[in-house]
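**Student:** Sequence and computational prediction follow.
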Amino acid sequence: MAESKIVDAKVIVACPARNFVTLKITTSDGLYGLGDGTLNGRELAVAAYLRDHVAPCLIGRDAERIEDTWQYLYRGAYWRRGPVTMAAIAAVDVALWDLKAKRAGMPLYQLLGGRCREGVTVYAHANGHSLDGLLDSVAHHIELGYKAIRVQAAVPGVPDVYGVPHGSQPYEPADSSLPREETWSTPKYMRFAPEMMEAVRARFGFDLALLHDAHHRLTPIEAAALGKSLEGYRLFWLEDATPAENQEAFRLIRQHTTTPLAVGEVFNSIFDCQRLISEQLIDYIRTSVVHAGGITHLRRIASFAGLYGVRTGCHGPTDLSPIGMGAALHFDLSIPNFGIQEHMPHAPLTDEFFPHAYTYANGMMHPGEAPGHGVEIDEAAAEKFPYKRAYLPVCRLEDGTMHNW
Ligand code: GCO
Ligand code: MG
């Protein structure tokens, strides 16, 4: 077998409609692999971590040794875990899987064991400034073929709400060069949420898989009450009902409601969800390829979750690049306990910058048959799209207290 040593590891930071961090690993046999290391609002930290601390250690390593390289970067850092470290490790890991699959001449999902299903069921985002606006948005996504839709709407009396765009542009929360301040009222939201679900079910019935993201805003007992008040609407899931640093918080929610629970988009290691999974406190684990250590670590989380009947529901916002999305689709297709995949379509400019083999049709996505993960980068165009500082908002309660955004 031809030698395959890493000869270059280049970090590309570019802003084709929004910021992305890409790692390109080139090997001595002339192949290259691409990985996504985008961490929304903290992109340059990952870029520096990769460029200054990871790239020098990669040169000369055997590109075929994916697991060994993962362990080398994880154990070798001494300072384990954390979003920056794990996004950097993920970028290397996905680039190496891309390389290995290209070398094998097969799409990555084949290398991961072949497909477990016909395609990847995805959910879309519907939102509105009013209930009518939300219903129109749901109708639009049904027309596009989606069978699963997340609903978010402006809460009366609350000026800015997570998941609802300011104008008519698609929702993109990292929209300002310093953090924008939002105001939050849990009581107003708790009163409104059942009304919103009632309107959606009354108009579209119960065939639609309905999802909702509480975006870490509630205390455990508030989350329990919300879950209970939504039971009749048969949600597919209630997401991020409460922050999960304290995994035991979910035990309290679980005791009170049968509404299915999803959490984990901000997790970066299996240890962040060990108890949530082993005690069956959640139904869906939302860790992503990009923020949870790449294909290698995400497979470990999914296998562990499978033991306890927990299914996957990978995070898939626009702040993961098409490389992250492509890698996720190969992963989704190849694991037995897949649940659903989030799909927030990228801006046309992003899609142009990252040409990709994956496709969407009738509520499903497919990673395509190109060797590797099937996502490319228009490297020559990177200079045209320099990094643009962009922060996520912060959030305060009505009395000014800092809250979770
Ligand atoms: C989701 C998420 C995102 C996050 C975003 C932050 O469910 O898709 O909650 O919208 O807010 O990824 O960068
Ligand atoms: Mg979310």
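**Tutor:** Yes, it's here. Ligands and ions are numbered 1, 2, ... in the order given.
**Student:** Can you tell me who the residue in the stretch 101-250 of the chain that ligand 1 sits nearest to pairs with across the strands?
**Tutor:** Going by Cβ to the nearest ligand atom, ligand 1 is nearest to Asp213 of the stretch 101-250 of the chain, at 4.9 Å. Any C-beta I mention is one placed from the backbone N, CA and C, and that applies to glycine too. The bridge-partner assignment for Asp213, based on DSSP bridges, gives Glu239.
**Student:** Kindly report the same for Ala262.
**Tutor:** Counting by DSSP bridges, Ala262 is bridged to Glu239, Tyr284.
**Student:** What of Ala124?
**Tutor:** Ile149.
**Student:** Now for it: which residues touch it?
**Tutor:** Shown in contact with Ala124 (Cβ atoms under 8 Å, 6 or more residues apart in numbering): His141, Leu144, Tyr146, Ala148, Ile149, Arg150, His343, Met344.
**Student:** give me the subset of those touching ligand 2.
**Tutor:** Counting by Cβ under 5 Å from the ion, nothing from those sits close to ligand 2.
**Student:** Now, of these, which are buried?
**Tutor:** Burial by neighbour count, judged by 16 or more other Cβ atoms under 10 Å, picks out His141, Tyr146, Ala148, Ile149, Arg150, His343, Met344 from those.
**Student:** Between those residues, which sits nearest ligand 2?
**Tutor:** Nearest to ligand 2 out of these is Arg150 (Cβ to the ion; 8.5 Å).
**Student:** correct me, but the closest one touches Leu134?
**Tutor:** No: counting by Cβ atoms under 8 Å, Arg150 does not reach Leu134; the two are 10.9 Å apart.
**Student:** Might one say that Tyr162 is in contact with Pro173?
**Tutor:** Yes: if you go by Cβ under 8 Å, Tyr162 and Pro173 touch, sitting 7.4 Å apart.
**Student:** who's in contact with the residue nearest to Thr318 when sequence neighbours are not counted?
**Tutor:** Nearest residue to Thr318, sequence neighbours excluded (Cβ to Cβ, 6 or more residues apart in numbering): Met344, at 4.8 Å. By Cβ under 8 Å, 6+ apart, the contact set of Met344 is Ala124, His125, Pro170, Tyr171, Gly316, Pro317, Thr318.
**Student:** can you pull the contacts of the third one?
**Tutor:** It stands for Pro170. Applying Cβ under 8 Å, 6+ apart, the residues near Pro170 are Thr318, Met344, Pro345, Ala347.
**Student:** show me where the stretch 101-250 of the chain has helices.
**Tutor:** 108-111, 131-143, 186-204, 220-229, 249-256 (DSSP state H, counting those that start in this stretch).
**Student:** ok, and which of those has the densest surroundings?
**Tutor:** The highest average neighbour count among these, using mean count of other Cβ atoms under 10 Å, belongs to helix 108-111 at a mean of 22.
**Student:** what about that helix, distance to the chain center?
**Tutor:** 20 Å (Cα atoms, centre = their mean, to the nearest Å).
**Student:** Any chance you could list what contacts it?
**Tutor:** Under the criterion Cβ under 8 Å, 6+ apart, residues 97-98, 100-101, 104, 115, 295, 327, 329-331, 333-334, 367, 372-374 lie in contact with helix 108-111.
**Student:** Now intersect these with the strands, please.
**Tutor:** Judged by DSSP state E, strands contain none of the contacts of helix 108-111.
**Student:** Now that we have these, which of them are buried?
**Tutor:** When these are checked for burial by 16+ other Cβ under 10 Å, the buried set is 97-98, 100-101, 115, 295, 327, 329-331, 333-334, 367, 372-374.
**Student:** Residue numbers of the stretch 1-150 of the chain in contact with ligand 1?
**Tutor:** Of all the residues in the stretch 1-150 of the chain, those in contact range of ligand 1 (Cβ under 6 Å from any ligand atom) are Asn40.
**Student:** My guess is Leu397 contacts Pro187. True?
**Tutor:** No: if you go by Cβ under 8 Å, Leu397 and Pro187 don't touch, sitting 10.5 Å apart.
**Student:** And the pLDDT at the residue positioned nearest the centre of the chain?
**Tutor:** Taking Cα atoms, centre = their mean as the criterion, His315 is the residue nearest the geometric centre of the chain, at 2.3 Å. Here, the pLDDT recorded for His315 equals 98.
**Student:** avg pLDDT for stretch 146-160?
**Tutor:** Stretch 146-160 comes out at a mean pLDDT of 96.
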